[in-house]
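Trainee: Mind looking at a prediction? Sequence and model below.
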Amino acid sequence: MRALVMNEIASMEVQQRPTPHPGTGEVLIRIVATGICGSDIHGYTGENGRRFPGQIMGHEASGVIAALGEGTEAWELQVGQPVTFNPVVLPTHELGAYAGREQHSPNRTVIGVTPEIQAAFAEYLVVPARNIVPLPRSLPIEHGALVEPLAVAVHAVRRVLHPDVTRALVVGGGPIGQSTVLALKMHKVSTIYLSEIDADRRELCRRLGATVLDVRERSLAEVLVEHGGEVDLTIDAVGLTSTVRESLHATVRGGSVCLVGMGSPRLDLDAYRISTDERALVGSFTYPVGDFIDAADYVATQPPEIPELISRTVTLDEAPAAFAELAGGDPTPGKVLVRFDN
């Protein structure tokens, strides 16, 4: 099979690799589309230290079942069935102890992150049958690759959402910020603001239904004054000291900020904004199984905004250049997908 391999930091190459075979309890997926995640780009550049030379990355994907291993009958899967997959994999003996909070397992592996696991930037991928999520045949197959980033957003929203929330803010209009807008709409939040400095991303998020805020020349708090002031909760989809500070300033006293962006491994926090104003700063990483399934169910309803999330599609042969472009500041506002079926 053909695969996209990070042969060294900041260098991708299409290589021939052995096609994997499903073992007991496993499913072989023929990959159709895989999204390039921001974390893939940060791994490609070496910024986050979470991707390694020789690795086949990719965790946002969809495809069709190519083969079923022994012992998969209980899942009632079929060859040729369109699917996506939950990349968070737990050891079998931990499934009960971490049910409903699978992301907390200290022994979890994440397809696309764990370096020794061949992931979804390849024509074929083996996944445990319990991690397979079927997709409707009526759904455009590439939309299945959007389930994973939406699941990240759904979990982040649920970390801080409460019944009295009517006004929410998203900081950052990249792909996770875009998915967060949809996650807030999915949870019936009536007013959604989004701050973003890039004009194309602001326009995309406006089409998704957010009230977009231009913060290039004024602080976020100053701009929000024109829209009723502080919000009930904020999702920081960037993750820098500056954006966390802005998020805390923009949120009501006693409100919550969820940090889902991973722009920096270290932050300088304004402690008084947390302690004396009783704001909560909550982290969010991946998702439990239920949030992933709910995201897949939402995508399956084919909301009209879903196609807006895909800005560009490239072939496998074009993927090395796409990585280099994105790492160099390519202005593509939304998701870039790598198609494996040409």
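Mentor: Arrived safely. Residues are numbered from 1 along each chain as shown.

Trainee: what about residue 184, which helix or strand?
Mentor: Applying DSSP states H and E as the criterion places residue 184 in helix 175-186.

Trainee: Mean confidence (pLDDT) on that helix, please.
Mentor: Mean pLDDT, helix 175-186: 98.

Trainee: Quick one: list the elements packing against that helix.
Mentor: Contacts defined by 3 or more Cβ pairs under 8 Å, 6 or more residues apart in numbering; DSSP states H and E place helix 175-186 against helix 147-160, strand 167-171, strand 191-195, helix 199-208, strand 231-236, helix 289-300. For glycine as for every other residue, the C-beta is placed from the backbone atoms N, C-alpha and C.

Trainee: Turn those into JSON lines, including distance to residue 117, mean neighbour count and mean pLDDT.
Mentor: Output for the helices and strands packed on helix 175-186, formatted as JSON lines (distance: least, Cβ to Cβ, whole Å; neighbours: other Cβ atoms under 10 Å; pLDDT from 0 to 100):
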{"stretch": "helix 147-160", "distance to residue 117": "15", "mean neighbour count": "26", "mean pLDDT": "98"}
{"stretch": "strand 167-171", "distance to residue 117": "31", "mean neighbour count": "28", "mean pLDDT": "98"}
{"stretch": "strand 191-195", "distance to residue 117": "34", "mean neighbour count": "24", "mean pLDDT": "98"}
{"stretch": "helix 199-208", "distance to residue 117": "32", "mean neighbour count": "19", "mean pLDDT": "98"}
{"stretch": "strand 231-236", "distance to residue 117": "29", "mean neighbour count": "27", "mean pLDDT": "98"}
{"stretch": "helix 289-300", "distance to residue 117": "18", "mean neighbour count": "21", "mean pLDDT": "98"}
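
Trainee: export these to JSON lines and tack on distance to residue 15?
Mentor: Supplementary listing: the helices and strands packed on helix 175-186 in JSON lines, determined by distance: least, Cβ to Cβ, whole Å:
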{"stretch": "helix 147-160", "distance to residue 15": "24"}
{"stretch": "strand 167-171", "distance to residue 15": "38"}
{"stretch": "strand 191-195", "distance to residue 15": "39"}
{"stretch": "helix 199-208", "distance to residue 15": "33"}
{"stretch": "strand 231-236", "distance to residue 15": "37"}
{"stretch": "helix 289-300", "distance to residue 15": "30"}
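
Trainee: Tell me which of these lies nearest to residue 136.
Mentor: In terms of Cβ to Cβ, the element of the helices and strands packed on helix 175-186 nearest to residue 136 is helix 289-300, at 5.2 Å.

Trainee: OK, contacts around the residue nearest to residue 213 when sequence neighbours are not counted?
Mentor: Take residue 213 and drop its neighbours on the chain: the residue closest to it by Cβ to Cβ, 6 or more residues apart in numbering is residue 195, 4.4 Å away. By Cβ atoms under 8 Å, 6 or more residues apart in numbering, residue 195 lies in contact with 169, 170, 171, 172, 173, 212, 213, 215, 220, 223, 246.

Trainee: contacting residues around the spatially closest residue to the last one that is not a sequence neighbour?
Mentor: Going back to what we said before, that points to residue 246. Nearest-residue entry for residue 246: residue 220, 4.4 Å, with adjacent residues in sequence omitted and distances by Cβ to Cβ, 6+ apart. Applying Cβ under 8 Å, 6+ apart, we find residue 220 in contact with 171, 195, 213, 246, 249, 250.

Trainee: quick check, nearest of the residues you listed to residue 230?
Mentor: Minimum distance to residue 230 across the contacts of residue 220 is 6.0 Å, recorded for residue 250 (Cβ to Cβ).
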